[in-house]
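1. build the 3D model from these lines:
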Amino acid sequence: MILEGQTIQYGPWTGGVDYSRPSVDLPPDALTSMTDTEILDSGAVTDRAGYDEHISTAITGTPSVTGCGKHRFSASASRVFAFAGTSFWEDHSGTWTDRGSAITVTADKYWVTANAGGTLIGCNGNGVNAAIKWTAAAGNAAALNVDSRFTSAGTCIFWDNRAWFGNTAGGTGAEDKTFYSDSTDIETWGANNFFLTDGPVTALRPLKTTLAIHNEDGIWVLYPTGSSDTPYARQHQSGFGAISARGITNDLLGHQLFIREDGVYEWDGSGEPQKLRGLDGDRFWNLVDLDNLATACHAVTDMKRNLCLFFLPMATGVGGAQVTANNAIVWDFRNRRWMGPWTFAFGSSAYFNNLVHGGGYSDGDVYKTNTGTNDNGSVISAEFITASTPPGGIAQKNRWILVRHEFEKQASDYEITVQAISTETVSKTDTVSIGDVSDALVSEFTIGVSKIRTPEIADSTTTTLLGYSNAMQLHYENNQADEPFTIRKAVLVYQPIGIEEKPEMGIRI
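-> Below you'll find the predicted structure:
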């Protein structure tokens, strides 16, 4: 039957998710919210991939993993490592092996590490444990010799063939002091080889040809001078910087991104950083526990997928408490849009083997992401809500008729839920079958039983809409195990009724 009506199309969702504006103010290519779903380059929305254990047997005692990564000793030797509980562990041929007998590791203190020309160096906070080194696969970690300039530090990096430690303590260290080693010798430290900033150093991160020294009230950049007497010059660049040694990362386009108490910032190396919009308000950023943000947050770049993940402690209500990072909001830096959050409860993160990895809480596991259709056996509850863009403006009343959903067929037959929502109508919930119940002609087809499989992977189906309102939005959801879905777009059909005066309550004078 042919219906008379006009249409509004939601998707492809190339604009990403925007938590900072009401749904009626968003364009049709933006999302109001999304959880455990991602936006493909095409603008289609799909549920995110799951995660699984890096090693099937957890670290002894199932402690929280407070640091992890993969260290490259040489062209022929690399090993996955983890700080967990009170020790340092190596993945030795698929078994977590204790390599921390010669160092002190305080439980639940997060580690920052760097590859210093084949030697792993690391620290876990001002006044906590001594700086460490790891020089050989199948060998134990040991204390790093820093010539008594300092003992502990809050952050470290390897840059310009030198080891750098900031926010130092012990010896002649201070929280506003960053020490650097001799060139190509990470265990020789000159008495005057340091830089001071105007406050406690929060992060060290190279960008382009410079090293950025961050504190909450500024960013200073160091660049080589070519002089052996004064090898570096310092320049003040910004009036504010990162608040966390782990809450900072670089994308592949020459930007540094970091977390502050009011959001995520992007910096190109000069001038003031710019805030990435779209997260403000009660629907997202006001849920972040700011009291625990600097300690709990961490960031990592997925270089294969062109994504930056920012792990945040998010409470269930505004003003609530959340000690650990339990969600990751995702910045797609190629397409410049937000996705997520993804419910990754990881206390630490690293990128290796072309995958983001995360350290679990109180389970002794390191997990690899973008793997499979469940989270280590648990269901991924994936959902997203479209904008509710009024096709004729907020004053126009519309009669809503139907919505056509375009999706990608899945290999097996199952359903997802779609709910039509409007402020002036009763919500209506339907199920949409997105599986392919047909059989391939050559390998599976049975005459008299099978349906012929079409060559197209896209399909569409219709659900009805009810009621009269100025706008309508759709909520797609699936919380069943191992049932991925991809929604390309939705076309809503409506009939304009006209401008309707809304009477006010009370007596009009």
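
2. residue closest to the middle of this structure?
-> Of all residues in the chain, the one closest to the mean position by C-alpha atoms, centre = their mean is Leu309, 2.1 Å from it.

3. tell me which element it is part of?
-> Assigned by DSSP states H and E, Leu309 belongs to strand 307-312.

4. after that strand, which helix or strand is next?
-> strand 327-332.

5. show me what that next one is packed up against.
-> In terms of contacts (3 or more C-beta pairs under 8 Å, 6 or more residues apart in numbering; DSSP states H and E), strand 327-332 is packed against strand 307-312, strand 337-342. C-beta coordinates here come from the backbone N, C-alpha and C atoms, glycine included.

6. and stretch 15-29, what's buried?
-> Gly15, Gly16, Val17, Asp18, Tyr19, Ser20, Arg21, Ser23, Val24, Leu26, Pro28, Asp29 (16 or more other C-beta atoms under 10 Å).

7. now do stretch 109-121
-> Tyr110, Trp111, Val112, Thr113, Ala114, Ala116, Thr119, Leu120, Ile121.

8. now do the strands in the stretch 1-150 of the chain.
-> With DSSP state E, counting those that start in this stretch as the criterion, the stretch 1-150 of the chain has strands at 6-10, 31-35, 37-39, 45-47, 52-53, 65-74, 77-84, 87-92, 95-98, 112-116, 119-123, 132-134, 142-143.

9. give me the contacts around the third one.
-> Under the criterion C-beta atoms under 8 Å, 6 or more residues apart in numbering, residues 13-14, 16-17, 31, 45-48, 330, 332, 335, 337, 339-340, 342, 382-384 lie in contact with strand 37-39.

10. same check, this time on the last one
-> Applying C-beta under 8 Å, 6+ apart, the set of residues contacting strand 142-143 from outside is Ala102, Ile103, Ala130, Ala131, Ile132, Lys133, Trp134, Thr135.

11. ok, that strand: who's next to it in the sheet?
-> Paired neighbours of strand 142-143 in the sheet (DSSP bridges): strand 132-134 (antiparallel).

12. do the third one as well
-> Its sheet considered, strand 37-39 pairs with strand 45-47 (antiparallel) by DSSP bridges.

13. what mean pLDDT does stretch 118-130 get?
-> Throughout stretch 118-130, pLDDT has a mean value of 97.

14. quick check: end-to-end length of it?
-> Stretch 118-130 has its terminal residues 20 Å apart, counting by C-alpha to C-alpha, to the nearest Å.

15. cool, and stretch 281-298?
-> Note: stretch 281-298 ends 21 Å apart using C-alpha to C-alpha.

16. now it: buried residues?
-> Here stretch 281-298 shows 283-289, 292-298 as buried, counting by 16+ other C-beta under 10 Å.

17. nearest to Leu144, of those residues?
-> Nearest to Leu144 among those is His298, at 22.4 Å by C-beta to C-beta.

18. tell me how many other residues crowd the closest residue to that closest one other than its chain neighbours.
-> Ranked by C-beta to C-beta, 6 or more residues apart in numbering and with sequence neighbours excluded, the top spatial neighbour of His298 is Arg246, at 3.9 Å. Neighbour count of Arg246, defined by other C-beta atoms under 10 Å: 26.

19. mind listing what Arg246 touches?
-> Taking C-beta under 8 Å, 6+ apart, one finds Tyr110, Val112, Cys297, His298, Ala299, Ser348 in contact with Arg246.

20. so the fifth one makes contact with Leu257?
-> When you say that, I think you mean Ala299. Yes - counting by C-beta atoms under 8 Å, Leu257 is a contact partner of Ala299 at 6.9 Å.

21. what is in contact with those two at once?
-> Ile248, Thr249, Cys308, Phe310.

22. who's the residue nearest to the centre of the chain bridged to?
-> Bridge pairing for Leu309 - DSSP bridges - gives Val300, Val330.
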